[in-house]
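S.K.: Return a 3D structure for these sequence lines:
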Amino acid sequence: MTEVLIVTGMAGAGKTNVLKTLEDLGWETVDNIPLSLLGRVVIAPTGGGSEPERPIAVGLGTGTRDFDPETVIRHVEHLRARAGVSAEILFLDCSGSELARRYVETRRRHPLATDRPAAEGIAQERTLLAPLRAAADRLIDTTRMRPNALAQQIREAFVREAQGETTLTVESFGFSRGVPTGADLVFDMRFLRNPHWDPALRPLTGRDARVGAYIAADPAYDEAVGRIEELLLLLLPRYHAEGKPYVTVAFGCTGGKHRSVHVAERVAGRLRDGGFSPTIRHRDLGAAPQDAPGERTPGQ
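M.R.: Here you go, the predicted model:
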């Protein structure tokens, strides 16, 4: 089934925001194509082989070449008559006073009032779009909505299974080689017992049971790591709800070989038990050993 969504409405009501949000959800999006090309664009194959069919969203408005609301409605009716095609119209509305305020704030000109006050173009556009508004399957009034609230409503309305999932990475690293760029949450594990100072453990890594047992014997280990896990279980669903596509949680120690590796493995396991699917990356595990870790755990 090919899913087609026509995104239209008042200029300045949030069409660009909607299309960007849908694109983040995996939709194929196109804005302001000539109306005469609409049929050819939406029925063209979007994938090949075993690749799943991607839904497509098309932005149309008074700035579109040869735009005519009745023609848009006829195109949608023709699409609905085709086998294997589902077509809807989403209309974005907004009060005239709020639209005028937005045009003043952004210093943009209304597409129907390039040499007149924006209020006149808004009034003309509202009359022009009345048939399209009446034919819409979905109507969203953005008068009192901030852009992030509109994006959230679109995510809730159009996210599909396996779409919009946050890609979660749990990474270990060594501070001696720098903090990973792009990490969203960074936790410093250098307060834990350092296996580097035990000659028998130094050649091993945080994946070895003996190293893990040594680190876990630190009096602060259970409470500290447990609280980090609870914090992540609280925050990660919020990141997903806000539409954040990628989240990287990084754990650092001095060399990136023992403590950070062990904690990253433990936390990733806890997150899997909580229903997440993290990817584990150990950035510095295979790096050349450091001769001087640069810190010692008190008492060692």
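S.K.: Quick check: Pro34 touching Phe67?
M.R.: No - when contacts are counted by Cβ atoms under 8 Å, Pro34 is not listed as touching Phe67 (9.0 Å). Yep, even glycine has a C-beta here, placed from its N, CA and C like the rest.
S.K.: Between the two, which has more neighbouring residues?
M.R.: Neighbours around Pro34 and Phe67, counted as other Cβ atoms under 10 Å, are more numerous at Phe67. The numbers are 19 against 11.
S.K.: If I follow the layout properly, the more buried one ends up in contact with Ser36?
M.R.: No - between Phe67 and Ser36 there is no contact under Cβ under 8 Å: 10.7 Å.
S.K.: just checking, next helix/strand downstream of the lowest-mean-pLDDT helix or strand in the chain?
M.R.: The helix or strand of the chain with the poorest confidence is helix 38-43; it has a mean of 77 (mean pLDDT, DSSP states H and E). Counting by DSSP states H and E, the next helix or strand C-terminal to helix 38-43 is strand 56-59.
S.K.: and the helix or strand that comes right after that next one, which residues are buried?
M.R.: Counting by DSSP H and E, the element after strand 56-59 in chain order, helix or strand, is helix 69-81. For helix 69-81, the neighbour count (16 or more other Cβ atoms under 10 Å) marks Pro69, Val72, Ile73, His75, Val76, Leu79 as buried.
S.K.: need the contact list for the nearest residue to the third one once chain neighbours are set aside.
M.R.: Nearest non-adjacent residue to Ile73, counting by Cβ to Cβ, 6 or more residues apart in numbering: Ala135, 5.0 Å away. Residues counted as contacts of Ala135 (Cβ atoms under 8 Å, 6 or more residues apart in numbering) are Ile73, Val76, Ile89.
S.K.: give the contact list for Val72.
M.R.: Applying Cβ under 8 Å, 6+ apart, we find Val72 in contact with Ile6, Thr8, Leu35, Leu38, Leu60, Ile89, Leu132.
S.K.: just checking, the fourth one touches Thr64?
M.R.: No - in this structure, Leu38 is not within contact of Thr64 by Cβ under 8 Å, at 9.3 Å.
S.K.: which of these two has more neighbours?
M.R.: Leu38 (22 against 19).
S.K.: how far away is the more buried one from Glu171?
M.R.: With distances taken as Cβ to Cβ, to the nearest Å, Leu38 is found 45 Å from Glu171.
S.K.: Correct me if wrong: Leu92 contacts Ala11.
M.R.: No - counting by Cβ under 8 Å, Leu92 does not reach Ala11; the two are 9.5 Å apart.
S.K.: For burial, what's the neighbour tally of Glu230?
M.R.: 12.
S.K.: With Gly9 instead?
M.R.: Gly9 has 28 neighbours, counted by other Cβ under 10 Å.
S.K.: Now it. Its backbone dihedrals?
M.R.: phi 140, psi -170 (degrees, to the nearest 10).
S.K.: Give the bridge partners for it, please.
M.R.: Residues in a beta bridge with Gly9, per DSSP bridges, are Leu92.
S.K.: Packing partners of the strand or helix carrying Phe187?
M.R.: Following DSSP H and E, one finds Phe187 within strand 185-188. Counting contacts by 3 or more Cβ pairs under 8 Å, 6 or more residues apart in numbering; DSSP states H and E, strand 185-188 packs against helix 221-241, strand 246-253.
S.K.: In its sheet, which strands sit next to it, and in what direction?
M.R.: strand 246-253 (parallel).
S.K.: before we move on, the earlier item: would you reformat the buried residues of helix 69-81 as a markdown table and include distance to Pro55 and pLDDT?
M.R.: Shown next, in a markdown table, are the buried residues of helix 69-81 (distance: Cβ to Cβ, whole Å; pLDDT from 0 to 100):
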| residue | distance to Pro55 | pLDDT |
| --- | --- | --- |
| Pro69 | 23 | 94 |
| Val72 | 18 | 94 |
| Ile73 | 20 | 94 |
| His75 | 17 | 91 |
| Val76 | 15 | 92 |
| Leu79 | 13 | 89 |
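S.K.: can you name the two of those that are farthest apart?
M.R.: Within the buried residues of helix 69-81, Pro69 and Leu79 form the most distant pair, 15.7 Å apart (Cβ to Cβ).
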